[in-house]
Every structure is written in C-alpha cells, then in structure tokens.
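Trainee: Attaching a predicted model along with its sequence, questions to come.
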Amino acid sequence: MSGPILSVQHLSASVAGQQVVEDVSFTVPATGITAVLGRNGVGKTSTLKAVMGLYQRRGEITLAGERIDGLPTHRVVQRGVGYVPEDREVFSRLTVAENLRLAERQPEPRRELVERLFPDLVARRDQMAGTLSGGQQQMVALARALLNDNRLLLVDEPTKGLAPLIVDQVADALEAASETVPILLVEQNLDVVRRLAGDAVVIAGGRVVHAAPAAALLADEALTQRLLGVHAETHDDKGAAR
Amino acid sequence: MSTFVLLLATGLGLGALYFLVASGLSLIYGLMHVLNFAHGSFLTLGAFLGWAVAQRMDPSSWTGFVASVLVGALVGALVATLTELLLIRPLYDRHIEQVLVTVGLSLATVALFEGIWGTDADFIRGPAWLDETTGVLGARIPNDRFLIIAVAVLVLVAIVVFLRRTRYGMIIRAGVENRAMVTALGIDVRRAFTLVFAIGGAAAGLGGVLASHYFGYVSPTLGGSLLIFAFIVTVIGGLGSLTGAAVASVLVALLQQFANYYAGGTGDFVIVLALAVVLLVRPAGILGKVAA
C-alpha cells in the first residue's frame, strides 16, 4: 500500500497578521476523495489556501514525500497540485477558451476529457466567462484543474450555491476525476460527501478535531451533530452543513 | 475655426504624449498595484540618450531621428526592467515600500541627470519636416503633432494586439483581474511583472523622444512634468484600464488646451478640477473596475 499523497503536519497560517489556521495535521491517501468538513469559518478554505501557498504558512507539507511548504504557489501547482477555489474565481473578462488555455501546463492537455465531462463549455468557448451562470463557471473552474495530469486536486466547495441538477453534474465530474487523481474536497453538502468521500477530516477552530472514514462519521448522528452542527440524515437536495 | 482646429490638433498631440506615459503606468498598476513614480525618469533618460544618439548621427536626418526613437524605447525598456528586477521585485507585496522606492528613484535620477546634463534645458532639432506645418481647414498644424499622434495610435494598437493575441497578454489580462488565481494555475506571474515594466518603460522612453520634439527641448525635469498629468490621466481613465488611459489622455489634453486658450490659461486648474469631479462622482475612473 502506497503512502499518503499529501501530508500536512503542524500547519499554521495567517492573513494580515491574523491566525486563520492553527497547528493542523492530517494526511490525504493516494487514491479517492478525502473530505474536509467543519462549520462555517473554521478554517477549511484557509487550510487549502495555506497548502497552496496563497497564505503565509508554517509547518511541514509534503507531496508524495517531497516538501512543498517552502514553495511559492506557482511551484506548488507545477509539482502537480490542481486547485479549484471557492467561488470559482474564473477570469470574467476572458473567454471560456482563454480561461482554459491559461490553465494548460502540459504539451498535450487533456482537452478530450474536459470536453467529455463539460460539453456545454465547448459550445460556449467564445463566451466571456463573466457572463456564464454559476454552474457553468464552476465547470470552467473544474475544467482548468482537470486539463493537466495532476497528482492531487484541492477542490473548495464546488457545489456552493448551485442548483440541485448542477450539483449532480459537478459530483459526477468529481467522481470521474477521482478515478485518476486523489482529491482533497472541502464540501458543506453532506449528500455529496456521503456519495464521494472515502475519508473525512473535520476542522474546528482552525484545528483538526476528527479524522475517520467519511461513512463512519456520517453514520454517527450524534458525532456529526456535535462536530458539524447538522443532522447527518440524507436529504433530497439540501444536506448541507449550514 | 482655424484656432479651434489648431487647438484640437495640439491637444491630440499632447494627449498622445500623455498616453505614451499613462499606458505603462496603467498596465503596471493594473497588474502589480504599484504606483510607479519613477516612470518619468524612464522618459527623461530615453529623451536624453535618444537625443545624444541623434546628435552623434545627424539630428536633421530621418536616420538620426529613427535611431533616437529606437534608442529611447530601448533605454526605457532596459531601465524599467532593471528597476523591476532590482528594486520592485525584492519588495513583492509590500506596496508602500514599493511606492517609496520609486519616489526615491525618481528624486535620485533627476539629481543624477542634472549632474550629467546640467539643469538647463537642452534645445533640440529634428528632420526639417517636423518643424514645418500642414494646412488643415485653414489651420497650420505643426507636422510633429501628426507624427506623435500616429506613433501613439500604433503603440495603442500594438499593446492591444499583444494583450489579445499572445499568451503573455492573456496572463496580464487575467492578472489584472485576479493575480492570485493566475499563480494558482501554475504561472509565475513575476515574469509578467517584468514584461509589463519593460513595455511601460519602452512606451515612456519613446514618449520621451517624441516629447522632446513636441516641446523643442529635453531637460532633467521633462519626465516629472509629464508624469503628473499622466497620473491624472490614469486615475481619470481608471487605474489598470488601457482603454481608459487612451480615452482620458485625449479628454485631459483637449480640456487643458481649450481651457488654456479660452479660459485665461486655466488649463492645469481645470484638469485638477476634472480629477476631483471624477473622484467624487466615479472614483474608479471612466473605465475602471468598481471595487466589489
């Protein structure tokens, strides 16, 4: 059995002098999807940004055994970490095609995969990304990460604010992607977590307070209620941890 | 009518000079959030060295003029590149320190230029055609205005084509919108910083040579005096907007020329007034991005 693809040890991060992540440690297995869970504002997004080098960080981060905590963001990405940010962050004044071209890092990007997963983007390739719907922008954000042969994807709340039908499409795309690349997924929608995630890491107050198989966590209603502040039953379309 | 046409042509010529300075300022601020107070020094140095080259060749020949223009642009690009690499890059993300270092560089270079070339203006000359005039609707328009306007339009078109058609142009456009996300795609945005400085420096150096022909002299304070208006243009046009800089350059220069003639030499005052109005009514500028 291979070791973890990502190991985060004693990670702390700050923004403008304010501590947003404090002594976080966890590992991400080399296959499947690992969910990062927690109530709003506990530091899930900040943890991902710290791993990416978008926030000032301390601690030890290794990708497949190699230290990456001293690298600037673009070098972390070049080592094979794809990033899908919260709120998509597409370049609104660039076309869909330009958004995707900008993300291509390898000589033969996986355009066929992206076109298969998101056929809508092919038809809208000349449209300004800022005029797309939230769901379409999310597809652009995911497509940018999937164009390259990454060793790990960090995906931050990909279903946030999306209609249930689009949530399913995004979950399908993540499921398909996870067959070839491990994913660290911040997600509030517990139905999506239940469907996709093998493992779960729960953050509270900037620290990891629980790490276990996702199914085991979500099966324990009392624990889920205590850690996430929600009931863990399956909902048709809104099992979110709000 | 002829006065109106003359003011229009002169205003457009001045606007072209403003644009050559403001385009670089705007691109640099848009991508890097650096207000580059040393930009005028790129212009002045381009003008001085361009003139030095023309003198060594033949200032009244087109060959000498073209060489001076090329040298001005090259020197501007080179000095701007060195400024970015040596002074701005080590202060990455420390915007106040970056501004201070450009202010310091601006003051130091003016003193340096005065030490080398003296404090007095050095009057220059160029090909005879530039000093001649052409009749347009009854007005005699100095030919150098046509040349300056044509060069500024070419620079605008070249920058637009570069931004629209090249990968680095795409990176710069994306970086103006969201620099952090560009790095999160694995792109070393610092190369784009250097490139933007080089492009801005080249436009300023080119503008320096043309400004020296427009005003008829080159002096250590040439860049500084144009820089003030270029900053006003950049703010009115919208920080980071190239199109805004182009539109505002023309508006500011025309307003200045017409106010100077028809309102008793109040051109500079009217421009500052216009800046205040824009800041009050539309703080992001004519085509600037409104902060979320």
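Mentor: Cool, got the structure. Residues are numbered from 1 along each chain as shown, chains lettered A, B, ... in the order given.

Trainee: B:Thr243 - nearest residue in space that isn't next to it in sequence?
Mentor: B:Leu287 (5.6 Å; Cβ to Cβ, 6 or more residues apart in numbering or on different chains). In short, each C-beta sits where N, CA and C put it, glycine included.

Trainee: hey, what's the residue with the shortest distance to the centre of chain A bridged with?
Mentor: For chain A, the residue nearest the mean C-alpha position is A:Val155 (1.3 Å; Cα atoms, centre = their mean). Under DSSP bridges, the beta-bridge partners of A:Val155 are A:Val84, A:Leu185.

Trainee: What helix or strand is B:Glu97 located in?
Mentor: B:Glu97 is part of helix B:95-117 when elements are defined by DSSP states H and E.

Trainee: quick revisit: surely the residue nearest to the centre of chain A touches A:Ile183?
Mentor: Yes. A:Val155 is in contact with A:Ile183 according to Cβ atoms under 8 Å; the separation is 5.7 Å.

Trainee: what residue ranges in the chain are flagged as low confidence?
Mentor: All of this is about chain A. Regions of chain A meeting the criterion pLDDT under 70 cover residues A:1, A:231-242.

Trainee: nope, chain B please
Mentor: B:289-292.

Trainee: wait, what's in contact with the residue in it that chain A sits nearest to?
Mentor: Residue of chain B nearest chain A, by Cβ to the nearest Cβ: B:Gly186 (3.4 Å). Going by Cβ atoms under 8 Å, 6 or more residues apart in numbering or on different chains, B:Gly186 touches A:74, A:77-78, A:103, A:105, A:148.

Trainee: and those, which of them are in helices?
Mentor: Within the contacts of B:Gly186, residues falling in helices by DSSP state H are A:74, A:77-78, A:103.

Trainee: near chain A, which residues of the stretch 51-200 of chain B?
Mentor: Residues of the stretch 51-200 of chain B found near chain A (Cβ under 8 Å from any Cβ of the partner chain) are B:167, B:170-171, B:173-174, B:177-178, B:180-189.

Trainee: on that earlier part again, out of the contacts of B:Gly186, which touch chain B?
Mentor: Okay, of the contacts of B:Gly186 touching chain B (Cβ under 8 Å from any Cβ), that's A:74, A:77-78, A:103, A:105, A:148.

Trainee: how about these in CSV, adding neighbour count?
Mentor: Formatted as CSV, these follow (neighbours: other Cβ atoms under 10 Å in any protein chain shown):
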residue, neighbour count
A:His74, 21
A:Val77, 25
A:Gln78, 15
A:Ala103, 25
A:Arg105, 18
A:Asn148, 21
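
Trainee: got the residue ranges for the strands in the stretch 151-292 of chain B?
Mentor: For the stretch 151-292 of chain B, the strands defined by DSSP state E, counting those that start in this stretch occupy B:217-218.

Trainee: oh, I was asking about chain A
Mentor: Remark: strands assigned in chain A by DSSP state E are A:6-15, A:18-28, A:33-37, A:56-63, A:66-67, A:81-84, A:152-156, A:183-186, A:197-204, A:207-213.

Trainee: From the contact counts, what lies against the last one?
Mentor: The criterion is 3 or more Cβ pairs under 8 Å, 6 or more residues apart in numbering or on different chains; DSSP states H and E, and the helices and strands that strand A:207-213 contacts are strand A:18-28, strand A:197-204, helix A:221-228.

Trainee: Number of residues surrounding B:Leu273?
Mentor: Taking other Cβ atoms under 10 Å in any protein chain shown as the neighbour definition, B:Leu273 ends up with a count of 13.

Trainee: cool, B:Arg165 as well?
Mentor: Neighbours of B:Arg165 using other Cβ under 10 Å come to 9.

Trainee: if I look at it, how far off is A:Glu98?
Mentor: Look at B:Arg165 and A:Glu98: by Cβ to Cβ, to the nearest Å, they are 11 Å apart.

Trainee: ok, now B:Val101?
Mentor: Distance, B:Val101 to A:Glu98, by Cβ to Cβ: 34 Å.

Trainee: what's next to stretch A:163-171, contact-wise?
Mentor: So stretch A:163-171 is contacted by A:134-135, A:138-139, A:142, A:158-159, A:162, A:189, A:192, A:195-196, A:236-237 (Cβ under 8 Å, 6+ apart).

Trainee: residue contacts, B:Tyr217?
Mentor: Counted by Cβ under 8 Å, 6+ apart, B:Tyr217 has contacts B:121-124.

Trainee: Does B:Leu12 touch B:Ala253 like I think?
Mentor: Yes. With contact defined as Cβ under 8 Å, B:Leu12 reaches B:Ala253; the gap is 7.0 Å.

Trainee: Neighbour count: those two, which is higher?
Mentor: Per other Cβ under 10 Å, whichever of B:Leu12 and B:Ala253 has more neighbours is B:Ala253, with 24 against 20.

Trainee: Quick one: residues contacting that one.
Mentor: By Cβ under 8 Å, 6+ apart, the neighbours of B:Ala253 are B:11-15, B:17-18.

Trainee: And for it, nearest residue in space, chain neighbours not counted?
Mentor: Per Cβ to Cβ, 6+ apart, closest to B:Ala253 is B:Gly15, 3.3 Å.
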